[in-house]
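Undergrad: Here's my sequence, what's the structure:
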Amino acid sequence: MAVQSVTKAAASRSRHGLGVLCGITAGMWLGAAEAPTKLVNSGFTPITVSLCMVMGVFTARWTFPTLLKGTSYVFADLRENKHLVVWALLAGALWAVANTLTVFAIRDVGLAVAFPLWNTNSLVGLIWARFLFRELKGASPATIAKVVAGAACIVVAAILLGFSTIHGRPTVEAHRATAGVVAAFGASLLWGTMYVPYRKAYLSGMNPLSFVTVFTVGELATILLLAWKFDGGVSATLQHLSQGGPYLFWLFLGGFVWVIGDLFQQFAAKYLGIGRGIPLSNTNQLWGLAWGALVFGELAHAGMVQTVLIASGSLIMILGALLISTAKSSGGEVSSQHEALERECNRYDLNYHRVLEAHMGEPDGPSGRRRWWDILIVAVAAGIFVYLGSRAMAPALALNRAWTAVLSVLLLVGLLACGLRLYRETRFS
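TA: Okay, here's the model as predicted:
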C-alpha cells in the first residue's frame with residue numbers, strides 16, 4: 001500500500017483544529033461535572049458517590065448515541081468492529097479501577113500527595129502514544145517540543161492548582177504512606193493506559209459513539225463489583241442508595257455532564273491522538289476550580305500562598321494548552337500515523353480505504369433508521385431524571401447565581417460551537 005499518496009489527501013483534510021476545539025470543550029464539561037457532586041452532603045461513602053455517578057453515566061451513554069446516530073447504526077458499527085468490543089470493555093474497567101484507587105490514595109496519603117502522583121496520567125498516555133501508535137514519529141523538533149512541553153505544563157499546573165485547594169490541611173498517618181503512594185501511581189498508570197484502547201479503536205475506524213456505548217458496560221460492571229467488595233456488600237450498597245433518594249439526582253446529573261465532556265474527549269483523542277488530545281482535556285481542573293471558587297465561594301478566604309498558586313497554575317495551564325494547540329502534525333508524522341493505521345488494518349483484515357476515511361472523520365452517510373426501542377431508550381432515560389428530580393432536595397448551600405449563569409452559558413456556547421462543527425464536518429463520525 002502506497003502511504004505517500006494517501007498522506008497528501010489526508011493532510012488536506014486535517015482535523016487538527018476540530019480536535020483542539022473538542023479537547024478544550026471536553027475540559028470545560030469534565031470540570032463542570034464536579035459541580036453537582038459539591039451539592040451532596042448525604043453521608044455517602046466515596047465509592048457509593050462514584051457508583052451513583054457511573055449510573056448516571058450509564059444512562060447518558062446510551063442516550064446520546066441513540067439520539068445522534070440511532071442504535072441500528074451503533075450495533076452495525078459494533079458488528080463490523082467485533083474485535084474492538086473487548087478493548088472498549090477493558091477501557092471501562094480500567095477507568096473504574098483507577099477511580100477507586102484514587103479513593104484509597106486520598107484516604108492513605110491525602111490529596112496533597114496523591115494528586116501530583118496520579119495526575120501524571122497524561123504523560124503515561126504520551127509514552128504509550130509514541131511507542132504503540134507512532135505519534136510524534138517523524139515530527140519536527142519544534143512540534144515535539146511543543147507537545148512534550150505543553151503536556152508537562154498542564155501536569156505542573158494541575159499540581160499547583162491541586163495544592164492551592166488543600167493548602168493548610170492536615171496530613172494522614174505515616175504508616176499508610178506506602179500503600180497510598182502505590183495506589184496513586186497505580187491510578188496514574190491505569191488512567192494513562194486506558195487511552196490505548198481509545199486510540200486502537202479509532203485507528204480501526206470505530207465511531208466514538210459506538211465505543212463509549214460498550215465502554216460504559218465495562219465501567220458499570222466493574223464499579224458494581226468494587227462497590228460490593230469495598231463498600232459493605234450488596235445489601236449495604238442498596239441501603240445507601242435507598243437512603244440517599246434526595247441526593248441521587250445531583251450525582252446522576254454529575255454523571256450526565258461528565259458524559260458530554262467525555263464524548264468530546266473521545267473525538268479529541270481520535271483527531272489529535274492521545275498525546276495531544278488528553279492533555280487538552282486535562283484542563284478540566286481549571287474549570288472545576290472556577291466552579292468551586294466563583295459559584296461555591298471555596299476560595300473566599302484564600303491567603304497569599306493560595307492566590308499565588310492559583311494564578312501561577314492557571315497561567316501555566318493556559319500556556320500548555322496553547323503549545324499543544326499549535327503543534328499540528330504534518331509531513332513525516334502524518335506518514336507514520338498512517339503506517340500505524342495500515343498495521344491495524346493488516347492485523348484485523350480491515351478495508352484500508354474505508355478505515356482511513358473513518359479515521360479522518362469523513363461523513364459515513366445517514367444515521368441508522370430509528371427503531372421503536374430508540375424512542376424507548378430516550379424516554380426511559382428522561383423518565384429516570386424526571387423521577388429523581390422530583391425527589392431531589394434543594395441544596396442548603398450559598399450559590400453565586402450570577403457566576404452560575406455565566407459558567408452555564410459558557411458551557412452551552414462550547415457545546416453548540418463544537419457540536420455543530422462536529423456535525424457539519426463529520427456527521428459525528
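
Undergrad: What are the boundaries of the helices in the stretch 251-400 of the chain?
TA: Secondary structure of the stretch 251-400 of the chain, counting by DSSP state H, counting those that start in this stretch: helices at 274-281, 284-290, 304-325, 332-348, 352-359, 372-391.

Undergrad: Present those helices as JSON lines; the columns should include mean neighbour count and distance to residue 231.
TA: Using the backbone N, CA and C atoms, a C-beta is placed for each residue, glycine as well. Shown next, in JSON lines, are these (neighbours: other C-beta atoms under 10 Å; distance: least, C-beta to C-beta, whole Å):
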{"stretch": "helix 274-281", "mean neighbour count": "30", "distance to residue 231": "29"}
{"stretch": "helix 284-290", "mean neighbour count": "22", "distance to residue 231": "25"}
{"stretch": "helix 304-325", "mean neighbour count": "18", "distance to residue 231": "33"}
{"stretch": "helix 332-348", "mean neighbour count": "18", "distance to residue 231": "39"}
{"stretch": "helix 352-359", "mean neighbour count": "18", "distance to residue 231": "41"}
{"stretch": "helix 372-391", "mean neighbour count": "14", "distance to residue 231": "21"}
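
Undergrad: Quick check: which of these is nearest to residue 258?
TA: Closest to residue 258 of those is helix 284-290 (C-beta to C-beta; 9.5 Å).

Undergrad: From residue 35, how far out is the residue nearest the centre of the chain?
TA: Geometric centre of the chain, nearest residue: residue 262, 3.8 Å, by C-alpha atoms, centre = their mean. Look at residue 262 and residue 35: by C-beta to C-beta, to the nearest Å, they are 16 Å apart.

Undergrad: and if you look at residue 315?
TA: Note on residue 315: its distance to residue 35, by C-beta to C-beta, is 23 Å.

Undergrad: I'd guessed residue 101 sits against residue 179; true?
TA: No: assessed by C-beta atoms under 8 Å, residue 101 is found out of contact with residue 179, at 10.4 Å.

Undergrad: Name the residue in the two with the higher neighbour count.
TA: Neighbours per residue (other C-beta atoms under 10 Å) separate residue 101 from residue 179, with residue 101 holding more: 24 against 14.

Undergrad: now the more buried one, nearest residue through space, not along the chain?
TA: Here the nearest residue to residue 101 in space, its sequence neighbours aside, is residue 187; by C-beta to C-beta, 6 or more residues apart in numbering that works out to 4.1 Å.

Undergrad: do residue 23 as well
TA: Nearest non-adjacent residue to residue 23, counting by C-beta to C-beta, 6+ apart: residue 280, 2.9 Å away.

Undergrad: Let me know the pLDDT of that neighbour.
TA: pLDDT recorded at residue 280 is 90.
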